[in-house]
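In: This is a predicted model, with the sequence first.
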Amino acid sequence: MPAIDKLCRQLGYEFTDKQLIKQALTHRSAAGENNERLEYLGDAILGFVIADALFHHFHHASEGQLSRLRSSLVKRDTLAEIAREYALGDYLTLGSGELRSGGHTRSSILADGVEAIFAAIYLDGGYARAREVILTVFAKRLQGLSLDDHQKDPKTRLQELLQSRKLDLPSYEVTEISGDPHEQMFSVLCTVAELDQQMKGIGASRRKAEQDAAARMLNILNHE
């Protein structure tokens with residue numbers, strides 16, 4: 001396992017209480033104090049910092065637009081991407097079962113670790129320092145945001161496209177649920193019967209799988 005100091009240098013924060021960062025990197029499957037409570041606190045801190053940044057950056061955005069932008073940044077997939085950029089899995093302390101099953105690469109565990117780290121920084125250095133680190137970590141993603149890309153979700157856009165063509169709404173059917181209970185993957189089939197089109201989507205929840213299927217269907221219909 002690499003020295004935690006390397007991770008701290010990458011984050012741009014040096015802990016006064018080293019135990020906090022160790023706890024933030026300890027999964028509940030390992031013995032001793034774990035990061036569950038820190039993850040809870042970090043989730044709230046992250047949500048507020050991102051909401052505040054978006055509120056001040058997008059002056060004319062509606063509540064719905066801001067909510068969609070925030071969701072795209074704080075969702076599990078985005079946090080897992082960030083964790084992989086910092087090689088966070090290399091620093092995690094996991095129980096033997098999670099180690100054997102590849103827990104250090106699992107998106108849910110990686111995302112929880114990121115949130116726990118933000119909480120640890122807040123407890124160690126205060127809100128201002130936690131905010132500074134969060135905004136630095138998310139800088140590229142915040143700069144790359146556009147309201148045009150987050151106006152409406154794929155299911156809504158597909159519904160509106162079909163209505164504009166005076167076609168019936170699509171149907172969504174779960175065709176498969178795979179994986180362990182805590183790491184399930186859903187497969188959903190989106191069908192536009194009048195066009196004889198079907199597209200499969202996958203995701204970590206039924207909603208995400210439906211959105212994925214709708215996005216794929218939109219891509220097909222917009223290029224016909």
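Out: Yes, it's here.

In: I figured residue 22 hits residue 4, correct?
Out: Yes. Residue 22 is in contact with residue 4 according to Cβ atoms under 8 Å; the separation is 6.9 Å. (C-beta placed from N, C-alpha, C; glycine too.)

In: Overlap of the contact sets of those two?
Out: When contacts are counted by Cβ atoms under 8 Å, 6 or more residues apart in numbering, residue 22 and residue 4 have no shared neighbour.

In: Name the SS class of the nearest residue to residue 171 once chain neighbours are set aside, please.
Out: Residue nearest to residue 171 in three dimensions, not counting chain neighbours: residue 191, with 4.9 Å by Cβ to Cβ, 6 or more residues apart in numbering. Of the three states, residue 191 takes strand under DSSP: H, G, I helix; E, B strand; the rest coil.

In: pull the longest helix from the protein.
Out: helix 36-57 (DSSP state H).

In: Summarise which helices and strands it is packed against.
Out: helix 18-24, helix 63-74, helix 107-125, helix 127-137, helix 139-143 (3 or more Cβ pairs under 8 Å, 6 or more residues apart in numbering; DSSP states H and E).

In: from the ones you listed, which stretch is densest packed?
Out: helix 107-125 (a mean of 23; mean count of other Cβ atoms under 10 Å).

In: Just want the angle from it to helix 127-137.
Out: 140 degrees (axes from the mean of the first three to the mean of the last three Cα atoms, to 10 degrees).

In: got the angle between helix 107-125 and helix 36-57?
Out: Helix 107-125 runs at 80 degrees relative to helix 36-57, counting by the same axes, to 10 degrees.
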